[in-house]
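**Student:** With the sequence up front, the predicted model follows.
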Amino acid sequence: MSRRPFVVFDLDGTLIDGYAAIGDALGYAMERLGAPPPSPAEVRRMVGHGLERLLEKAVGVERAAEGVRLFRERYPAVAVPKSHLVPGARETVEALDRSGHPLAVASNKPAAFSRMILEAKGVVDRFRAVGGPDAETPAKPDPTMLVRLMDRVGAAPEETLVVGDMEVDFEFARAAGCRVVLIPGGSRTREELEGVTPDAFLGAIAELPAWLTGAADRK
């Protein structure tokens, strides 16, 4: 492979720890719908499959649409102050960008929210694109979002690496024929990912540049 691989990052649990912000907005919605707010551990287990699925789990299918509306009402006020980059994320993204890797984000969070957070944390300009579900783009693990990101930068599946923290990221990558690295510790522990077979498990995001160099050397 002559050029640097295209690296597509998941957001929550991979680049940022935004669970406090999600928990705040989710609790806001649930309390107004007469449900007790979730614990931090419950929030981590619930996220990953998009806002609609999150509210379906939290308040039921019948009240999910109103839950989504309430979540969106609260989330912009807490998304930035209650989210932060995970240790090593800034340095890793900057190093990969400097070395010529095209970068993107593919999250099941609405793209406008993802961009808002990444801009506030000073890293949005490192990414060629920020993908998210919308009326024409299903949530992960459907591969449509990833295929569109690859088309945007002109990368083939064999030139693309997905970096995430849970099963949905693995399924997303494999559905598009891409390699995938998982970094447990966001929404899933290593034990909870037993049976998932990515190209590698890493202990921290800071290990990614060295892994990419090693992967290139092994070709």
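**Tutor:** Yep, that arrived. Values in this document were obtained by computation on a predicted structure and should not be read as measured data. Numbers count the residues shown, from 1 in each chain.
**Student:** can you list contacts of stretch 41-51?
**Tutor:** Residues outside stretch 41-51 that contact it (C-beta atoms under 8 Å, 6 or more residues apart in numbering) are 12-13, 19, 22-23, 26, 38, 54, 57-58, 68, 71-72, 108-110, 133, 139-140, 166, 168, 186-187. Bear in mind the C-beta positions are built from the backbone N, C-alpha and C, glycine included.
**Student:** Drop anything exposed from these.
**Tutor:** 12-13, 19, 22-23, 26, 38, 54, 57-58, 68, 71, 108-110, 133, 139-140, 166, 168, 186-187 (16 or more other C-beta atoms under 10 Å).
**Student:** Mind checking which of the residues you listed are in helices?
**Tutor:** Judged by DSSP state H, helices contain the following of the buried ones among the contacts of stretch 41-51: Y19, I22, G23, L26, L54, K57, A58, V68, F71, V168.
**Student:** got the contact list for the closest residue in space to A200 that isn't next to it in sequence?
**Tutor:** Leaving aside its chain neighbours, A200 sits nearest to V181 (4.9 Å; criterion: C-beta to C-beta, 6 or more residues apart in numbering). By C-beta under 8 Å, 6+ apart, V181 lies in contact with L161, V162, V163, G164, P198, D199, A200, F201, L202, L208, W211.
**Student:** from those residues, which is closest to A64?
**Tutor:** G164 (24.5 Å; C-beta to C-beta).
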